[in-house]
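Novice: The amino acid sequence is not available; the structure is as follows:
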């Protein structure tokens, strides 16, 4: 879905496709539809089947159980390898479902503070009402503002809901809540946008930007770990050459994740560091290069110009790079995070946003404020300290965790 790394680029083969492939290997040995048993031999009586070729006989031996009397096409678990494959696929699906339930639970827990402002109070707002009125809309407006959804996004939501109420489309509490959810989802619609892919044989370059303290370097470390776990080769570029110990911090993440880090001395030109890193990543056929940059205030025009220089320099190696310009913002910054996003996007057009520290604030509504102002996809949300707490942003799952009881 998100397109980070080669694993995300490859289309997964479904279980059904696997089984269809298996069936094409041995169709001749099974009775044709409508054929009598005499024409092909009774099931379990291979001596009456047509003589298989060497290749078909070899394939049949591969599928057969140790028991010569077992039929390799039996579909029950333990009765033929195809049956075992179906059982394993079912077990995988169950494990994936259990994993999704665990991740949803952790996301819901991480959003607890924002949920306390939005979900609980909205539930109280409509509870026991038989009809929606202007007073309820006014109270909802205050709740959205308290969660840092922002004035423009809140105004848009309230105006649309008021219109629906006037048309008598959302007078009942359930219909009203469903309409509210649709309005919030519309603000996040851009998050389905795919990540730009690198040309074959070239690394996918992710340029990480943001202000000091937003969690940029930690996000890089977590993302590198997730990508390597998915089977990608990853390299890091220590483009933050100004902050004390920034290079050492990134090197520590590199050592922890067993990925190489390209770095130079303190005060080196960041564009030069990232250029060297992209050369190295290209020569080694690395899948993903993640480039750190110095944290900078969005109001400092000279530092924003430096980001433009980095982008220009790496285009000398790959005209399509960077493939992702990822802004990292701290959710607890509230409306200031929105201003950061606006300023960074003006300096170097953003292609993705990661929102960190959602577990420590009630201002998670800032996601909707940014979504309303900028047409930039959210890629990840951070809801804790663990590597798995950096979560791919999925709008519907996010809304479920935020608004479900």
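Specialist: It's in. All of these numbers come straight from a predicted model, not from anything done at the bench.
Novice: what ranges do the helices span in the stretch 201-350 of the chain?
Specialist: 216-229, 246-257, 270-283, 301-314, 335-347 (DSSP state H, counting those that start in this stretch).
Novice: how about those, which one is nearest residue 198?
Specialist: Closest of the helices of the stretch 201-350 of the chain to residue 198 is helix 270-283, at 9.9 Å (criterion: C-beta to C-beta). Every residue, glycine included, has its C-beta placed from N, CA and C.
Novice: So what does residue 187 look like in phi/psi?
Specialist: Main-chain dihedrals, residue 187, degrees, to the nearest 10: phi -70, psi -20.
Novice: Test my guess that it contacts residue 150.
Specialist: No. Residue 187 is beyond contact range of residue 150, at 10.0 Å (criterion: C-beta atoms under 8 Å).
Novice: tell me, what's touching the two both at once?
Specialist: Taking C-beta atoms under 8 Å, 6 or more residues apart in numbering as the criterion, residue 187 and residue 150 both touch 368, 372.
Novice: Tell me how far residue 188 lies from residue 284.
Specialist: Per C-beta to C-beta, to the nearest Å, residue 188 is found 37 Å from residue 284.
Novice: quick one: which of these two has more around it?
Specialist: residue 188 (21 against 12; other C-beta atoms under 10 Å).
Novice: residues touching the residue lying closest to that one once chain neighbours are set aside, list them.
Specialist: Counting by C-beta to C-beta, 6 or more residues apart in numbering, residue 188 lies nearest to residue 395, which is 4.1 Å off, once chain neighbours are set aside. Counting by C-beta under 8 Å, 6+ apart, residue 395 touches 185, 188, 189, 191, 192, 378.
Novice: so where's the protein uncertain?
Specialist: 1-2, 6-83, 96, 98-104, 117, 119-121, 298-299, 405 (pLDDT under 70).
Novice: how about a cut-off of 50?
Specialist: 1, 8-50, 52-68, 70, 72-73 (pLDDT under 50).
Novice: where do the strands sit along it?
Specialist: Along the chain, the stretches classed as strands by DSSP state E are 204-209, 234-239, 261-262, 288-293, 324-330, 352-356, 378-382, 390-392.
Novice: what's the closest of those strands to residue 175?
Specialist: strand 378-382 (27.6 Å).
Novice: who's in contact with that closest one?
Specialist: Against strand 378-382 from outside (C-beta under 8 Å, 6+ apart): 2, 107, 110, 188, 191, 195, 215, 219, 222-223, 324, 326, 352-359, 367, 370-371, 389-393, 395, 398.
Novice: and if we set it to 6 Å?
Specialist: Contact partners of strand 378-382, identified using C-beta atoms under 6 Å, 6 or more residues apart in numbering, comprise 191, 352, 353, 354, 355, 356, 358, 390, 391, 393.
Novice: got the residues you listed as CSV, with distance to residue 165 and neighbour count columns?
Specialist: As requested, those are exported to CSV (distance: C-beta to C-beta, whole Å; neighbours: other C-beta atoms under 10 Å):
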residue, distance to residue 165, neighbour count
191, 28, 21
352, 36, 23
353, 32, 29
354, 36, 25
355, 31, 26
356, 37, 27
358, 31, 28
390, 39, 23
391, 34, 23
393, 31, 19
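Novice: Out of those, the closest to residue 292 would be?
Specialist: Proximity of these to residue 292 (C-beta to C-beta) peaks at residue 354, which lies at 13.3 Å.
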